[in-house]
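> with the sequence up front, the predicted model follows.
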Amino acid sequence: MSAFEELGVLPEIIKAVEDLDWLLPTPVQAETIPLVLGGGDAIVSAETGSGKTGAFCLPLVQVCYETLQGKFLQVTKHTESRTDDKAASIWFKHDYNLSVDRDRGELENKLPNRWQGARASRGANSGQWFFQVEVLSDGLCRVGWATENGSLDLGTDSEGFGYGGTGKKSHKREFLNYGEPYGEGDVIGCFIDFDKSKIFFSKNEKVFETAFEIPTSLQKCAFYPSICLKKCRVRVNFGPIPSKNLLKSYRMITESCLNIENDASSSSNDSSRRKKSRREPLALILEPSRELALQVKEEIEKFSKYLNPKIRCACLVGGEKISQNIQALESGVEVVCGTLGRIQECLDGGHLGLASLRFLVLDEADSFLHQDQMDPILRLCRHIEEKSLVGGVQVLFFSATLHSPAIHELSQKIQQSPMIVDMKGRDYVPEEVEHSVFFVSPDQTDVVNVDASVLTDGVHDHRVQNSPEEWSSQRIKQMKPVLVRKLIDSFSMEQALIFVRTQLDADNLHQYLRNVSMKNNSGFGRDDRYSSVVLHGGISARERKNNLQTFRSGEARFLICTDVAARGIDIVGLPYLINVTLPDNVETYVHRVGRVGRSERLGLAISLVGTKPEKVWFHRCSSRGRNNQCKNRKLLSEGGCTMWYNEMEIWNQIQKQLGLKVAELDSTLQLPVEHRKHFGYQSKELEAIAAIQNKVDQLKPITSSLLELEDEVQKNFLLLSHRFSMYR
Ligand SMILES: Nc1ncnc2c1ncn2[C@@H]1O[C@H](COP(=O)(O)OP(=O)(O)OP(=O)(O)O)[C@@H](O)[C@H]1O
């Protein structure tokens, strides 16, 4: 049995995983896959490069596949039992962990820690109606009536009215004493009287007083039988079995003429605009960047390689034609992954239906905590809850940095009792990443000669001459690109990811490296030692995609990027990373350096830290700094668009919070001897070989002197024995 099989992964998916040479699940996959397959919400935090994408994509692909095959309906056929056509089609909507035996009219939820509900398709909006529920096992049960918009978790919103086994009536999450407790063996009657606008219940033969007055706002609505269970099994009688009802004027609900079509797309206005035949997505994955969304889509396609039917995934990201997204959605997909803005656009346009959704994944969840992202997310969740025809959408958070209180606040709003998987504790950085620093001091002329071809960000003007602070800042900015070139040379870097603060900084560094290439005649494409491409929000989606591909393929050696690439981007075997400017928070440092040291490879992250503050752009103006339009060099506090950026402070904070062991580069930009790796930053295996080779080299002189010594001893021995024999 393969290790993935033990986690409950299907053989067809394991075959695809084996094609990727994944022989064992990573620890976070081993923890998370069974949990997601088991149906709970989760917050999963594990270091960068630990395989989190597989931890959610694998079970998600599996559940989508099983859903396509109809397994999750869990409809059991019992030929010996009575079958009534009306009863068989009566369950319209239910949570997916609820088993529905349509023939027997039985419902069961085996989960001990999660309510699962169902609502009938047959309801009423006038007259007097009832249905009965027989409790078949121990456990918790709530029965009653709800409108079409009511939550499947009966009695927790304004449109559902329930009566629970603990002897409480519930509405809007208010639980008040009512009737009597009930349990296994009891038969509960659920009555609704539209003439008197009341709902009440009975236990066995005993009828209780009115439980609820139907509010005026709902008096024109249709009400449907509703049931909600926790580790409990019940049999529901809508009419096929003669009832012992004492209130003869009440009719069983199967005689009702109101019937919601068992077709998700016919029940709401916006969905009627969509094509009926198409499949609505079962999973929605939110990603913070286009690149990451595309990467996840590719991963899902790899995992579903051997599945039939295939799992289709649409990637909805800004910068691409929306008509293509609409076309993909119209043709039907099981998974949607994308960025928030474009997803919202498709939703608002009525192109994306979420009524069948089972999974909502917030990958890099903490990147959505800014207010301008939080509001749309909460709106999205409300939309899902309102439209859901399955209920109980599983909400999953993933990231390497999920320890802030804000994450738990968000979780409380959109998750239900999530399981926490925390592999390494707060903001852990993988052991495979080595951290090093070079302190850039403005008067270090021995190390760096300022190069006239360096372009800086234009923050400083003539005042540089008069202000020592501005001079230092400008000087550090002029030194850093030269240092990048020197680092490339000093480590003989074949490839590296280079992080800068702004789009302008990225473009300037790219231009500088091009100038260096030209000056040194260092060739083209792969032959160019300094070939680089940029990745930032200021270039088109197509350019970003092409540039990333050019870098992945090795065509360009250096990818100069802003923090759009800080999270999630997976480039196998990348050995080096340079932080030309530090990010302004520890979390982003964790994500940035996590681009190296992945898949058991070692990586070196080098930070160039200015010893004096740098004055940098921080555009609050309407131009947001686009096309260098803004020239307002005043500080933010003076109504301008610049600020002082103190890297020493940030560096101390990063070091302290992460408890980093950092190697300081010497003036030749080399690591201290004890940190130097024999084979550079490659695989652990090569590292081990290098270590052995090192030892062999160290032992060589000792073994040769031992050999010489032994030679000597042998000779002496022979000499002595010869003399001894002569004396005898
Ligand atoms: N079980 C496995 N066996 C071997 N390699 C794996 C396994 N799972 C994932 N990988 C590989 O490990 C690398 C990192 O995986 P992934 O991108 O999922 O990491 P992550 O935890 O999401 O990182 P980040 O936090 O940076 O987004 C990928 O190249 C992936 O193919």
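Perfect, thanks for sending it.

> which non-adjacent residue is nearest the residue of the stretch 401-550 of the chain found nearest the ligand?
Residue nearest to the ligand within the stretch 401-550 of the chain: Thr401 (8.8 Å; CB to the nearest ligand atom). For glycine as for every other residue, the C-beta is placed from the backbone atoms N, C-alpha and C. With sequence-adjacent residues excluded and distances taken as CB to CB, 6 or more residues apart in numbering, Thr401 is closest to Glu587, at 4.2 Å.

> next one, pLDDT for the one you found please.
pLDDT, Glu587: 89.

> any idea which element it lies in?
helix 586-593 (DSSP states H and E).

> pull the distance from the next helix or strand after that helix to the chain's centre.
Next helix or strand after helix 586-593 toward the C-terminus (DSSP H and E): strand 603-610. How far strand 603-610 lies from its chain's middle: 27 Å, per CA atoms, centre = their mean, to the nearest Å.

> same deal with stretch 9-25?
Distance, centroid of stretch 9-25 to centroid of chain: 21 Å (CA atoms, centre = their mean).

> anything in that stretch near the ligand?
Yes - Stretch 9-25 lies within reach of the ligand by CB under 6 Å from any ligand atom, at 22, 24-25.

> in that stretch, what counts as buried?
By 16 or more other CB atoms under 10 Å, the buried positions in stretch 9-25 come out as 9-10, 12-14, 16-17, 22, 25.

> just these now: which is nearest the ligand?
Trp22 (3.5 Å).

> show me what the one helix or strand Gln657 maps to is packed up against.
Assigned by DSSP H and E, Gln657 falls within helix 647-658. Helices and strands touching helix 647-658, as assessed by 3 or more CB pairs under 8 Å, 6 or more residues apart in numbering; DSSP states H and E, comprise helix 586-593, strand 603-610.

> and Cys228, that's in a helix?
No - applying DSSP: H, G, I helix; E, B strand; the rest coil, one finds Cys228 to be strand, outside a helix.

> specify the beta-bridge partners of it.
Beta-bridge pairing for Cys228 (DSSP bridges): Gly117, Arg142.

> all strands of the stretch 251-400 of the chain, in order?
Secondary structure of the stretch 251-400 of the chain (DSSP state E, counting those that start in this stretch): strands located at 251-252, 258-259, 283-286, 313-316, 335-338, 359-363, 394-399.

> what about the first one, distance to the chain center?
For strand 251-252, the gap between its own C-alpha mean and the chain's C-alpha mean amounts to 48 Å (CA atoms, centre = their mean).

> likewise for stretch 564-578?
With CA atoms, centre = their mean, you get 17 Å for stretch 564-578.

> tell me the mean pLDDT for it?
For stretch 564-578, the per-residue pLDDT averages 87.

> likewise stretch 711-728?
Rounded mean pLDDT across stretch 711-728 is 83.

> run the angle between the helix holding Gln657 and strand 603-610 for me.
140 degrees (axes from the mean of the first three to the mean of the last three CA atoms, to 10 degrees).

> quick check: next helix or strand after helix 647-658?
Immediately after helix 647-658, counting by DSSP H and E, sits strand 662-664.

> that next one pairs with which strands, parallel or anti?
Sheet pairing for strand 662-664, using DSSP bridges, gives strand 433-440 (parallel).

> wait, what's in contact with the residue of the stretch 401-550 of the chain closest to the ligand?
45, 366, 427, 587, 590-591 (CB atoms under 8 Å, 6 or more residues apart in numbering).

> can I get those residues in TSV including neighbour count?
Formatted as TSV, these follow (neighbours: other CB atoms under 10 Å):
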residue	neighbour count
Ser45	26
Asp366	23
Asp427	21
Glu587	21
Val590	26
His591	26
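
> can I get those in TSV with distance to Asp527?
What follows is the contacts of Thr401, written out as TSV (distance: CB to CB, whole Å):
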residue	distance to Asp527
Ser45	43
Asp366	41
Asp427	40
Glu587	38
Val590	35
His591	32
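
> and Leu577, that's in a strand?
Yes - secondary structure of Leu577 (three-state DSSP): part of a strand.

> what bridges to it?
Leu497, Ala605.

> surely it touches Gly603?
Yes - if you go by CB atoms under 8 Å, Leu577 and Gly603 touch, sitting 6.6 Å apart.

> show me whatever sits in contact with both of the two.
593, 595-596.

> look up how far the ligand lies from Phe161.
Going from Phe161 to the ligand by CB to the nearest ligand atom, to the nearest Å gives 44 Å.

> so what's that residue up against?
For Phe161, counting by CB under 8 Å, 6+ apart, the contacting residues are 144-146, 154-155, 169-171, 199, 211-212.

> what about Val335, how many residues nearby?
25 (other CB atoms under 10 Å).

> please disregard the earlier target; I meant Met493.
Neighbour count of Met493, defined by other CB under 10 Å: 22.

> tell me how far the nearest residue in space to it that is not next to it in sequence lies from the ligand.
In space, and not counting its chain neighbours, Met493 is closest to Tyr576: 5.1 Å by CB to CB, 6+ apart. Counting by CB to the nearest ligand atom, the gap from Tyr576 to the ligand is 16 Å.

> from memory Tyr576 sits against Ile606, does it?
Yes - counting by CB under 8 Å, Tyr576 does reach Ile606; the two are 7.1 Å apart.

> tell me which of those two has more neighbours.
Ile606 (26 against 22).

> dihedrals phi and psi, Phe200?
Per-residue torsions, Phe200: phi -150, psi 180 (degrees, to the nearest 10).

> what sits up against the helix holding Glu587?
Contacts for helix 586-593 (CB under 8 Å, 6+ apart): 48, 364, 366, 400-401, 404, 427-429, 433, 435, 499, 563, 566-568, 577, 579, 582-583, 603, 605, 653-654, 657-658.

> buried ones among those residues?
Using 16+ other CB under 10 Å, the buried ones in those are 48, 364, 366, 400-401, 427-429, 433, 435, 499, 563, 566-568, 577, 579, 582-583, 603, 605, 654, 658.

> ok but Val516 is inside a helix, no?
Yes - according to three-state DSSP, Val516 belongs to a helix.

> let's verify the closest residue to it other than its chain neighbours: helix, strand, or coil?
Take Val516 and drop its neighbours on the chain: the residue closest to it by CB to CB, 6+ apart is Tyr530, 5.1 Å away. At Tyr530, secondary structure determined by three-state DSSP is coil.

> and Tyr530, how many residues sit next to it?
With other CB under 10 Å as criterion, Tyr530 counts 24.

> repeat that for Lys305.
15.

> try the one 5 residues further on
A count of neighbours around Lys310, defined by other CB under 10 Å, yields 13.

> and it, what pLDDT?
85.

> and it, its phi and psi?
The phi/psi pair for Lys310 (degrees, to the nearest 10) is phi -70, psi 160.

> for Ser623, same thing?
phi -70, psi -20.

> contacting residues for it?
Contacts of Ser623 (CB under 8 Å, 6+ apart): 629-630.

> how close does it sit to Ser553?
Relative to Ser553, Ser623 is positioned 35 Å away (CB to CB, to the nearest Å).

> so where do the strands sit in the stretch 401-550 of the chain?
Under DSSP E, counting those that start in this stretch, the stretch 401-550 of the chain gives strands at 419-422, 433-440, 496-499, 532-535.

> okay if I get the ones you listed as CSV plus distance to Val36?
Below are those laid out as CSV (distance: least, CB to CB, whole Å):
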stretch, distance to Val36
strand 419-422, 9
strand 433-440, 28
strand 496-499, 30
strand 532-535, 31
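
> comparing those, which comes out most buried?
Ranked by mean neighbour count under mean count of other CB atoms under 10 Å, the strands of the stretch 401-550 of the chain are led by strand 496-499, which reaches a mean of 26.
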